[in-house]
Each structure stands twice: as C-alpha cells, then as structure tokens.
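[1] Sharing a model that was predicted from the sequence below.
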Amino acid sequence: MLIQQPILSRRGFCLCCIGAPVFAACGGWLSPRQAYGEARNIVDLIRDDAATAPIKVHTLRRDVSVLEGSGGNIGVLTGADGKVFIDAGITASRPRILEAANSLSRDPIKHLINTHWHFDHADGNGWLNAEGAGILAHENTHKHLLGAQRVEDWDFDFPAPPLAAVPSEIFSSDKTLSLNHSTLVLRYYGPAHTDCDISVTATEADILHCGDTFWNGIYPFIDYSTGGNIEGMIKAAEANVSATTDKTIVIPGHGRPVSNRTELIAFRDMLVAIHENVSNLKKGGRSLDETIAAKPTAAFDAKWGQFVITPEFFTRLVYEGA
C-alpha cells in the first residue's frame with residue numbers, strides 16, 4: 001500500500017518521470033525531507049533505475065514498435081533506410097535498448113527525432129548519434145540542448161550536452177519525412193508540456209506519437225521553467241484528439257505505451273475539468289493552499305492520481321497557469 005506524504009512546494013522536488021522500480025524502492029510517495037534524504041537528486045535516481053530496468057518491446061503495425069522502460073516511450077520504425085527512433089531514452093539503458101531494437105531488425109540506426117528536450121527523452125542522443133543517427137528536432141529543442149538548462153521542479157541544473165547530442169537538423173513548424181516506405185509528419189504544438197513539444201505521425205500505419213503532451217493514466221508534469229503551461233497542454237490534447245480516429249494507435253510520452261483515441265479524450269477532458277475547477281477557485285480569491293484543500297481534482301484522483309504526480313502537486317501546476 002502506498003502512503004501519500006505531503007507534496008513539496010511548486011518550486012521543489014517532483015517525481016515526474018520516475019519508473020515503477022525506483023518508485024517502489026522508495027516506499028511510495030516521499031515527503032521533501034524523505035526525498036532529499038534518500039536520493040542525491042531525482043535525475044540521478046532515474047538514471048540509476050535506467051541502468052538496470054528491462055526494456056519491453058511492443059510491436060504495433062507496419063514496422064512501427066514502441067520500446068518501454070527507459071524514460072519516455074520510444075517509437076521505432078524499421079526498414080531499408082535505417083531505423084528511425086522517436087526519442088532516445090536514457091543513456092544508461094543503451095545495451096538493453098540496442099538489444100531490443102536488434103530484436104526488431106538488424107537495420108542500422110540512422111535517424112532520431114526528439115519530441116522535446118527533457119533528459120528522459122534526449123539523454124541518449126549522444127550514443128545514438130555515435131551509432132549513426134542524425135538528430136532532428138524543433139528549433140526550441142535545439143536551443144535548450146545547446147546550453148545549460150534548469151528545471152525548477154526537479155531542483156536540477158542540466159549542463160550543456162556535447163555537440164554530438166545536439167540536433168543537427170531543425171524545423172520551426174511542420175516537417176514531412178519519407179523513410180522506410182512511411183510518411184512521417186512532424187507537427188509543433190506550440191508551448192504545452194515545454195515550449196518545444198512535437199508530435200510524430202506515421203501516416204500509413206495510422207500511429208501518433210504524442211511525446212509528453214499525453215500521459216496515459218497519470219497526471220502530467222508541466223515544465224513552466226522551459227515554457228510549458230496548462231492552457232497549452234489542453235490545446236495540445238485537443239490537437240491530438242482531432243488528429244486521430246478510433247483506428248489510430250497512440251503512443252504517449254509516459255504511462256501505458258499503447259493507447260487510443262478514447263484514452264486521449266479522457267485525458268483532455270480531465271485537463272479541461274481540473275483547469276476549470278482550479279481557475280474558478282483562484283478567481284474566487286482562494287490561495288494556493290486553500291485551492292489544494294478544496295480538492296479540485298477529487299473526481300479524477302482514483303484514475304489519474306495514483307502514481308508519480310500527486311493530486312496536490314498537479315493542483316499546484318494548474319494553479320500557476322490558471
């Protein structure tokens with residue numbers, strides 16, 4: 001049984017990307033004092049987990065698969081043009097990612113698309129580039145990876161990565177690629193989870209990779225430090241719903257790695273309802289603590305609030321942008 005301890009302040013520590021093994025090892029939800037006492041920092045904790053966590057392969061359709069277990073969910077398209085990775089996971093997972101990818105095909109790794117800059121999606125850029133992958137991303141991802149970045153909610157300063165890990169090809173709005181007999185459409189959401197989120201659609205396979213604009217079954221993290229906001233998350237969720245049909249396979253950034261339009265709609269509706277609840281409380285003069293005490297997420301906590309982001313912390317995220 002998980003015992004929820006008080007979440008820390010808006011500018012403190014959060015468990016936004018942590019895997020289940022690490023989460024369980026820490027005994028469930030941690031108070032700030034417990035968290036700082038049991039881990040050097042959340043980033044090191046996640047990297048330590050990635051060093052041993054298994055990688056699960058989920059085969060989808062038309063040579064598209066998803067690898068689960070290293071940070072964000074990684075999409076892989078195989079074929080004669082070389083493997084295309086959508087996100088890079090965490091470097092410590094390299095041997096298991098390679099083993100999993102090689103179980104799909106022996107095609108070399110030639111292409112990498114970053115859905116955004118966060119380390120659990122781009123930490124593996126350097127080794128994938130060394131394997132032969134050219135790196136493509138939105139121009140804001142390029143900007144963030146060129147220099148040092150701070151994420152306030154992780155209380156962590158990321159140094160600038162080596163140039164080999166920085167995207168060498170960038171775009172500003174939309175981009176279309178033709179690889180492995182597939183049309184890949186890349187679309188920029190505008191500020192949402194960060195200011196650099198993109199989606200990747202494998203058109204013929206009818207598969208949408210949403211990056212961190214969709215957390216399947218989990219309250220999402222929103223990184224205000226690098227341009228994210230709740231209203232942008234809602235717009236991105238609406239764009240994802242509009243881009244899909246009942247036949248579309250959806251890959252979320254986190255949570256259960258194979259999803260669908262019905263779960264996208266549930267995610268959007270949850271964001272809209274909680275944003276409205278928090279906004280009404282804030283407009284009525286409620287302080288942050290009073291808003292949290294009013295439990296504006298209560299109708300959704302049983303489904304969305306049982307892992308990683310607590311209802312209290314998500315309320316804080318929404319309150320900041322309400």
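    Happy to help now that I have it. Numbers count the residues shown, from 1 in each chain.
[2] Could you tell me whether L112 really is in a strand?
    Yes: under DSSP: H, G, I helix; E, B strand; the rest coil, L112 sits within a strand.
[3] Is it correct that it is in contact with G89?
    No: taking contacts as Cβ atoms under 8 Å, L112 lies outside contact range of G89: 10.6 Å. For the C-beta atoms, the positions are set from N, CA and C on the backbone; glycine is no exception.
[4] More neighbours: which of these two?
    Neighbour count, other Cβ atoms under 10 Å: between L112 and G89, G89 has more, with 29 against 25.
[5] So the more buried one versus N277, what's the distance?
    Relative to N277, G89 is positioned 35 Å away (Cβ to Cβ, to the nearest Å).
[6] before we move on, what about D44?
    Distance from D44 to N277, counting by Cβ to Cβ: 35 Å.
[7] just L77 next, same as before
    For L77, the distance to N277 - Cβ to Cβ - is 40 Å.
[8] neighbour count winner among the two?
    Applying other Cβ under 10 Å to L77 and N277 shows that L77 carries more neighbours, namely 29 against 21.
[9] contacting residues for the closest residue to that one other than its chain neighbours?
    Spatial nearest neighbour of L77, excluding adjacent residues (Cβ to Cβ, 6 or more residues apart in numbering): V84 at 4.1 Å. Counting by Cβ atoms under 8 Å, 6 or more residues apart in numbering, V84 touches G75, V76, L77, K110, H111, L112, I113, L179, N180, L184.
[10] L136 in helix, strand or coil?
    Applying three-state DSSP: L136 is strand.
[11] Would you confirm that V185 contacts D174?
    Yes: in this structure, V185 is within contact of D174 by Cβ under 8 Å, at 7.0 Å.
[12] These two: which is more packed in?
    Taking other Cβ under 10 Å, V185 and D174 do not tie; V185 has more neighbours (15 against 11).
[13] Kindly state the beta-bridge partners for S199.
    Beta-bridge pairing for S199 (DSSP bridges): R187.
[14] List the residues that contact it.
    Counting by Cβ under 8 Å, 6+ apart, S199 touches T115, L186, R187, Y189, L208, H209, C210, G211, T213, A239, N240, A243.
[15] Just among these, which is most surrounded?
    In terms of neighbours by other Cβ under 10 Å, these top out with T115 at 33 neighbours.
[16] quick one: contacts for it?
    Shown in contact with T115 (Cβ under 8 Å, 6+ apart): 72, 86-87, 121, 197-200, 209-212, 253.
[17] now do D246
    Residues near D246 by Cβ under 8 Å, 6+ apart: N260, R261, T262.
[18] how near is the closest residue to H181 other than its chain neighbours to V57?
    Nearest non-adjacent residue to H181, counting by Cβ to Cβ, 6+ apart: G79, 6.4 Å away. Using Cβ to Cβ, G79 is found at 17 Å from V57.
[19] now the helices for the stretch 51-200 of the chain?
    94-104, 119-122, 125-131, 139-146 (DSSP state H, counting those that start in this stretch).
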